[in-house]
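Everything below, folded, please.
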Amino acid sequence: MNKSHWMIYGANGYTGQLLAREAVRQGLTPILAGRSVDGVEAIASELQLHARIFDLADAGASRSALDDVAVVAHCAGPFSATSAPMIAACLASGSHYVDITGEIAVFEQAHAEDAAAQAAGVVICPGVGFDVIPTDCLAACLKQALPDASHLALGFDSASGLSPGTAKTTVEGLKLGGQIRQDGRLRSVPLGFKNREIDFGRGAKNAVTIPWGDVATAYYSTGIANIEVYLPMPAGVAAGMRVLTPLRGLLGKPFVQNWLKAQVSRRIAGPDTQTRARQPTWVWGEARNARGQVKTARLQTANGYDVTVHGALLAVHHLQNYQGAGGYFTPSQLFGPRCVEQLPGSGSILIE
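Below is the predicted model:
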């Protein structure tokens, strides 16, 4: 069958709707899909696009729904539950897969499908949004600037609010604690494991390590064996994070997770257009080698959610006429180490 279409799955979610609206503004006609009949059909009717309803729990229906789809932009979280069945459907149907996850375990799971994707001629490229295009590009550029780097630190500073999906993913992450990469292996650490002062681009701030997706992806992009990701946080709040570490077992209990996610649904709607326009993001990276040489990179981008929308569209455009090999890729590997500079609102990567 001729694969002439592309699809947004999870089109009724916060980011899925942003992506669908921007696609229409650019004159594109994605198929809008998901498992919510009312939610998906409402946005499809408003934007005059075709809707396709299927549940990823039904492998046969999922595979059939992708028969004429060249590229899937997967936006339905939590990706810990949805990415594996969607990747399986893409491998079975021969459709390229991109998503907007930032979850370390999802990146690792996707990477494990590399051989299957090569055999199927299918591209698997998770993390084509703010997670992780900007930081992945900084990682790749720093590797070029310091080829023998042994340590990589990345981070970002933004006042942007959370979408409901991102907030629920954060809730899930409370039970997992922190993660870094050490000597090439993922290592579980307490929340707020390390503190340091970092100038992300608008003055020095206290920052702590967080379990961000680059702990997985930057290793595949650069081969650097030691990776940490930082977020600005007052010292008092960072200390409070460490206090939570013994409570991880409780925070992982289903009744606690369900209660916290219910609060998210009631209280969080995601930033509106005006708020996003006022809240750019500052991205920072630092590479260091065994001799003590250091290279620092900085970049200012648009709001993270706008980066995500335009990053996903960059990925779709790239893959609609893709003629290369299949397999697992990070964004910098697939689109180039400076691809973030193509996104609206992004500046140039500066390395010192």
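
tell me which element V208 falls in.
strand 204-209 (DSSP states H and E).

Give me the sheet partners of that strand and which way each runs.
Looking at strand 204-209 with DSSP bridges, its partner strands are strand 195-199 (antiparallel), strand 226-232 (antiparallel).

now the angle between strand 204-209 and the helix or strand following that strand, please.
Beyond strand 204-209 on the C-terminal side, the first helix or strand identified by DSSP H and E is helix 214-222. Angle between the axes of helix 214-222 and strand 204-209 is 90 degrees (criterion: axes from the mean of the first three to the mean of the last three Cα atoms, to 10 degrees).

Now do helix 214-222: everything it contacts.
104, 107-108, 111, 127, 132, 135-136, 139-140, 142-143, 149, 152, 154, 179-181, 184, 186, 224-225, 227-229, 328, 330-333 (Cβ atoms under 8 Å, 6 or more residues apart in numbering). Yep, even glycine has a C-beta here, placed from its N, CA and C like the rest.

Dump the C-alpha coordinates for it into PDB.
Coordinates of each C-alpha in helix 214-222 appear next as PDB, following Å, rounded to 0.1, in the frame of the first residue of the first chain:
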ATOM      1  CA  ASP A 214      20.100  12.800  27.800                       C
ATOM      2  CA  VAL A 215      21.500  10.400  30.400                       C
ATOM      3  CA  ALA A 216      20.500   7.900  27.800                       C
ATOM      4  CA  THR A 217      20.600   9.700  24.400                       C
ATOM      5  CA  ALA A 218      23.700  11.700  24.800                       C
ATOM      6  CA  TYR A 219      25.700   8.500  25.300                       C
ATOM      7  CA  TYR A 220      24.500   7.200  22.000                       C
ATOM      8  CA  SER A 221      25.100  10.500  20.300                       C
ATOM      9  CA  THR A 222      28.600  11.100  21.700                       C
END
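
can you give me the offset of it from its chain's centre?
Mean C-alpha position of helix 214-222 versus that of the full chain (Cα atoms, centre = their mean, to the nearest Å) differs by 13 Å.

And the residue nearest the centre of the chain, what's its pLDDT?
Central residue of the chain (Cα atoms, centre = their mean): D131, 2.9 Å from the mean position. Per-residue pLDDT puts D131 at 89.

my guess is it meets G213, correct?
Yes. The pair D131 / G213 is scored as a contact, 4.9 Å apart, by Cβ atoms under 8 Å.

returning to what we had before: I'd like to check which residues are in contact with the residue nearest to the centre of the chain.
Going by Cβ under 8 Å, 6+ apart, D131 touches 100-102, 212-213, 308.

again, 6 Å this time
102, 213 (Cβ atoms under 6 Å, 6 or more residues apart in numbering).

And P254, what's its pLDDT?
pLDDT at P254 comes out at 67.

Please apply the same query to the one 3 residues further on.
At Q257 the predicted local confidence, pLDDT, stands at 49.

which of the residues in the top helix by length along the chain are buried?
In the chain, with assignment by DSSP state H, the single longest helix is helix 304-320. Neighbour-count burial for helix 304-320, counted by 16 or more other Cβ atoms under 10 Å, picks out 304-316, 318-319.

And stretch 5-23, by the same measure?
For stretch 5-23, the buried set under the neighbour-count rule, 16+ other Cβ under 10 Å, comprises 5-20, 22-23.

send the alpha carbons of that stretch over as CSV?
This file holds the C-alpha atoms of stretch 5-23, laid out as CSV (Å, rounded to 0.1, in the frame of the first residue of the first chain):
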residue,chain,number,x,y,z
HIS,A,5,0.1,9.9,5.1
TRP,A,6,1.5,10.9,8.5
MET,A,7,-0.2,10.6,11.8
ILE,A,8,-0.4,12.3,15.2
TYR,A,9,-1.3,9.7,17.8
GLY,A,10,-2.5,11.3,21.1
ALA,A,11,-3.9,14.3,19.1
ASN,A,12,-6.3,15.2,21.8
GLY,A,13,-3.6,15.8,24.5
TYR,A,14,-2.1,19.2,25.2
THR,A,15,1.0,18.8,23.0
GLY,A,16,-0.8,16.7,20.4
GLN,A,17,-3.3,19.5,19.9
LEU,A,18,-0.5,22.1,19.7
LEU,A,19,1.1,20.0,17.0
ALA,A,20,-2.1,19.4,15.1
ARG,A,21,-2.9,23.2,15.0
GLU,A,22,0.5,24.2,13.9
ALA,A,23,0.5,21.5,11.2
